[in-house]
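Engineer: Predicted model, plus sequence, below.
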Amino acid sequence: MPEDNIWSDFLEDIPEAAYYSAAPFGAGPSAASPFGGGYAPAQQRYWSGQYGNVANQYMGQMGRSLRAGQAPSMTFTDYLAQYPWTQRYSALSPAMRPGSTTSRFAPAARRIY
């Protein structure tokens, strides 16, 4: 049975291409993005700096399957397709989100003389 996309192997050879073409960068639904698909710009800024962390989580999952005596069955593109992007971003504290400030949660102290 032929594959739907003959270029999918290319994404496995260049994992950065797979990462930066995943959901937060244009494939997911969002009305917040002025460019059509993708997530909100703040989420895109956050995820653009998280490639190393997401790749390390994938490597950890592969290592756990190997330690359990199982062959790794998930490719990096499959891992990215099932990655909980929105849940992970929503779990961040406001201080960890790019472009957000905590001043509304902890306003500056005022001095009265």
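Structural biologist: Sure thing, it's come through.
Engineer: what about the residue lying closest to P72 once chain neighbours are set aside, which helix or strand?
Structural biologist: The shortest distance from P72 to any non-neighbouring residue, by Cβ to Cβ, 6 or more residues apart in numbering, is to M62 (4.5 Å). (Glycine included, C-beta is placed from N, CA and C.) Element membership for M62, per DSSP states H and E: helix 51-67.
Engineer: Which elements pack onto that helix?
Structural biologist: Applying 3 or more Cβ pairs under 8 Å, 6 or more residues apart in numbering; DSSP states H and E, we find helix 51-67 packed against helix 15-20, helix 76-82.
Engineer: Distance-wise, check I14 relative to P24.
Structural biologist: 18 Å (Cβ to Cβ, to the nearest Å).
Engineer: make that L66, sorry
Structural biologist: Taking Cβ to Cβ, one finds L66 at 28 Å from P24.
Engineer: So which of the two has more stuff around it?
Structural biologist: P24 (25 against 11; other Cβ atoms under 10 Å).
Engineer: residue ranges with poor pLDDT in this structure?
Structural biologist: Applying pLDDT under 70 to the chain flags the ranges 1-3, 26-38, 99-111, 113.
Engineer: how about 80 then?
Structural biologist: Along the chain, the parts satisfying pLDDT under 80 run over 1-8, 23, 25-41, 94-95, 97-113.
Engineer: quick one: contacts for the closest residue to T75 other than its chain neighbours?
Structural biologist: Nearest non-adjacent residue to T75, counting by Cβ to Cβ, 6+ apart: E12, 5.7 Å away. Taking Cβ atoms under 8 Å, 6 or more residues apart in numbering, we find E12 in contact with 18, 75-77.
Engineer: Neighbours of N5, how many?
Structural biologist: 9.
Engineer: Good, we can wrap up now.
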